[in-house]
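Peer 1: My questions concern the predicted model and sequence given below.
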Amino acid sequence: MKSIGDRIKQSRLALGLSQADAAKKLDISTPAFCKIETGQTDLNISRLLQISKTFKVSVALLIDGKSISADSSSELAALKKELIEKEEEINKLRKKVIDLYDKLGI
């Protein structure tokens, strides 16, 4: 089973980058990058996102080796639509609360 570090290394090699090149692009030291690839250091979310963007791969691919499929994309679009609808509903409810406070003189 491949680790995140292994998948980062694989992504780096696919771009033809050395560890030093990758470290420079990420604005970290080469030893720090080496520790990421070998799993000696834990990644935080911001670093994982930075690596994903720099290496032009999805975070999902780095984490579990799976790329986002068309099914995942359509599911994601549906969830985004539902989120927007819920946000609109919340905004309407907020307006009602504000109107009630105004009527009560609070």
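Peer 2: In hand now; what should we look at? Residues are numbered from 1 along each chain as shown.
Peer 1: When you work out contacts or count neighbours from here on, use the C-alpha atoms and nothing else.
Peer 2: Noted.
Peer 1: how does the protein divide up, domain by domain?
Peer 2: Domain assignment for the chain, taken from the TED database, gives 4-64, 69-105.
Peer 1: end-to-end on the first one?
Peer 2: I take that to be domain 4-64. For domain 4-64, the first and last residues are 7 Å from each other (C-alpha to C-alpha, to the nearest Å).
Peer 1: Leaving out the residues flanking it, which one is nearest to residue 39?
Peer 2: Using C-alpha to C-alpha, 6 or more residues apart in numbering and skipping residues adjacent in sequence, the residue nearest residue 39 is residue 5, 5.6 Å away.
Peer 1: which one's the longest helix in the chain?
Peer 2: Assignment by DSSP state H gives helix 70-104 as the longest helix of the chain.
Peer 1: Could you dump the domains of the chain into a markdown table with mean pLDDT added?
Peer 2: Below are the domains of the chain laid out as a markdown table (pLDDT from 0 to 100):
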| stretch | mean pLDDT |
| --- | --- |
| domain 4-64 | 94 |
| domain 69-105 | 85 |
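Peer 1: most neighbours per residue, which of those domains?
Peer 2: domain 4-64 (a mean of 16; mean count of other C-alpha atoms under 10 Å).
Peer 1: so how far is it off the chain centroid?
Peer 2: Its chain's C-alpha centre and that of domain 4-64 lie 13 Å apart, by C-alpha atoms, centre = their mean, to the nearest Å.
Peer 1: before we move on, back to that, and the helix or strand harbouring the residue nearest to residue 39, what does it pack against?
Peer 2: Per DSSP states H and E, residue 5 falls inside helix 4-14. Using 3 or more C-alpha pairs under 8 Å, 6 or more residues apart in numbering; DSSP states H and E as the contact test, the elements touching helix 4-14 are helix 30-38, helix 45-55, helix 59-64.
Peer 1: change it to 10 Å
Peer 2: Helices and strands touching helix 4-14, as assessed by 3 or more C-alpha pairs under 10 Å, 6 or more residues apart in numbering; DSSP states H and E, comprise helix 19-26, helix 30-38, helix 45-55, helix 59-64.
Peer 1: so which of those helices gets nearest residue 77?
Peer 2: Each of the helices and strands packed on helix 4-14 has some distance to residue 77 by C-alpha to C-alpha; the shortest is helix 59-64, at 16.4 Å.
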